[in-house]
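Q: Any chance you can model this:
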Amino acid sequence: MCTPSTRFLPAAALLLAAVAALPAKDDTGITVDKKDRSVSIACAVAPRKLPTLDQIYPIEVIATFPAPKGQKAHETVVTYQAKPSDVHKALESLDLKPGKPAQGEGAVGKGPEVEIFLEVPTSSGKVKRIPIEEAMIDTKSGKPVPRLKWHFTGSALKQPDPEKDDKVYGADLTGTLITVFPVTDDCVVQSGLAFKDQDKLKLEVNKKLVPKEGTLLKLVIKVK
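A: So this is what the prediction gives:
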């Protein structure tokens with residue numbers, strides 16, 4: 001005769017297996033889904049006009065810390081609270097190795113290719129995953145941005161105190177997670193665009209697809 005413990009062992013084992021298959025979450029708002037080969041980060045639609053500035057600046061980055069901590073908070077699509085170096089570790093858990101970030105004229109970021117998406121709520125109450133390019137428009141043409149190549153570059157290391165040798169993950173200081181142009185090497189992911197492409201593309205949020213300021217979303221970085 002089966003004892004109570006042995007009788008329920010198969011069911012318990014199945015439950016443990018199911019739990020193990022779920023995406024791994026932590027308290028930073030980062031979710032790693034190894035089956036989907038993606039990392040999701042809790043975020044919010046960013047304000048396009050900061051009260052401390054007298055104008056609206058074109059989009060240069062996809063995600064950064066909110067103002068005043070976020071260095072690029074006036075030029076971003078979304079803001080988030082996670083630690084960039086934790087996002088870096090999450091991407092490494094998907095067997096990706098970072099390349100090298102770029103900054104300035106003639107420099108282009110290198111690294112394994114990824115895709116960027118936003119998960120936005122729909123009128124039916126469901127969630128729709130849209131490519132990040134569709135979340136932006138070129139103000140010159142009024143059209144969505146063409147599909148871009150995105151690379152897991154990792155961040156440059158910075159020395160906050162010149163009198164100390166200690167170096168830190170640069171993106172943790174500035175909050176910049178993803179850059180459209182190589183305006184900084186303090187980031188985790190960069191597109192394949194060059195610095196000079198800022199003159200060709202003047203980017204703004206696509207308000208037809210991106211909800212109102214402050215709406216909570218998910219930013220998804222998926223292995224290509």
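Q: now the helices for this protein?
A: 4-7, 9-21, 84-92, 170-174 (DSSP state H).
Q: Could you list every helix and strand in contact with the last one?
A: Under the contact criterion of 3 or more CB pairs under 8 Å, 6 or more residues apart in numbering; DSSP states H and E, helix 170-174 touches helix 84-92, strand 157-158. Where C-beta positions appear, they are placed from N, C-alpha and C, glycine not excepted.
Q: Quick check: which ranges of this structure have low pLDDT?
A: Along the chain, the model assigns pLDDT under 70 to residues 1-28.
Q: buried ones in stretch 52-60?
A: Residues of stretch 52-60 classed as buried: Pro58, Ile59, Glu60 (neighbour count, 16 or more other CB atoms under 10 Å).
Q: will you turn those residues into TSV that also has distance to Lys128?
A: Shown next, in TSV, are these (distance: CB to CB, whole Å):
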residue	distance to Lys128
Pro58	26
Ile59	21
Glu60	25
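Q: any idea which of those is closest to Arg129?
A: Using CB to CB, Ile59 comes nearest to Arg129 of the buried residues of stretch 52-60, at 19.9 Å.
Q: residue contacts, that closest one?
A: Shown in contact with Ile59 (CB atoms under 8 Å, 6 or more residues apart in numbering): Glu75, Thr76, Val77, Met136, Val180, Leu203, Glu204, Val205.
Q: Just give the nearest non-adjacent residue to it, would you?
A: Leu203 (3.8 Å; CB to CB, 6 or more residues apart in numbering).
Q: what bridges to the one you found?
A: Asp138 (DSSP bridges).
Q: Look at it and say how many residues are nearby.
A: Residues lying near Leu203 (other CB atoms under 10 Å) number 21.
Q: pretty sure it is touching Ile137, no?
A: Yes: between Leu203 and Ile137 there is a contact at 7.2 Å, judged by CB atoms under 8 Å.
Q: Find residues that contact each of those two.
A: Val145.
Q: What's the local residue count around Ser191?
A: 22.
Q: Beta-bridge partners for it, please?
A: Trp150.
Q: residues contacting it?
A: Gly109, Leu148, Lys149, Trp150, His151, Thr179, Val180, Phe181 are the contacts of Ser191 under CB under 8 Å, 6+ apart.
Q: Show the buried residues in the residues you listed.
A: Gly109, Leu148, Trp150, His151, Thr179, Val180, Phe181.
Q: And these, which is closest to Leu219?
A: The closest of those, once distances to Leu219 are taken by CB to CB, is Trp150, at 12.0 Å.
Q: so what's that closest one up against?
A: Here Trp150 is in contact with Glu113, Val114, Glu115, Ile116, Ile178, Val189, Gln190, Ser191, Gly192 (criterion: CB under 8 Å, 6+ apart).
Q: burial count for the third one?
A: Burial of Glu115 is recorded as 18 neighbouring residues (other CB under 10 Å).
Q: same thing with the last one?
A: Other residues near Gly192 number 15, with proximity taken as other CB under 10 Å.
Q: quick one: contacts for Pro144?
A: Pro144 neighbours (CB under 8 Å, 6+ apart): Glu133, Glu134, Met136, Ile137, Asp138, Asn206.
Q: what's the distance between the closest residue to it other than its chain neighbours and Tyr80?
A: With sequence-adjacent residues excluded and distances taken as CB to CB, 6+ apart, Pro144 is closest to Glu134, at 5.0 Å. Per CB to CB, to the nearest Å, Glu134 is found 19 Å from Tyr80.
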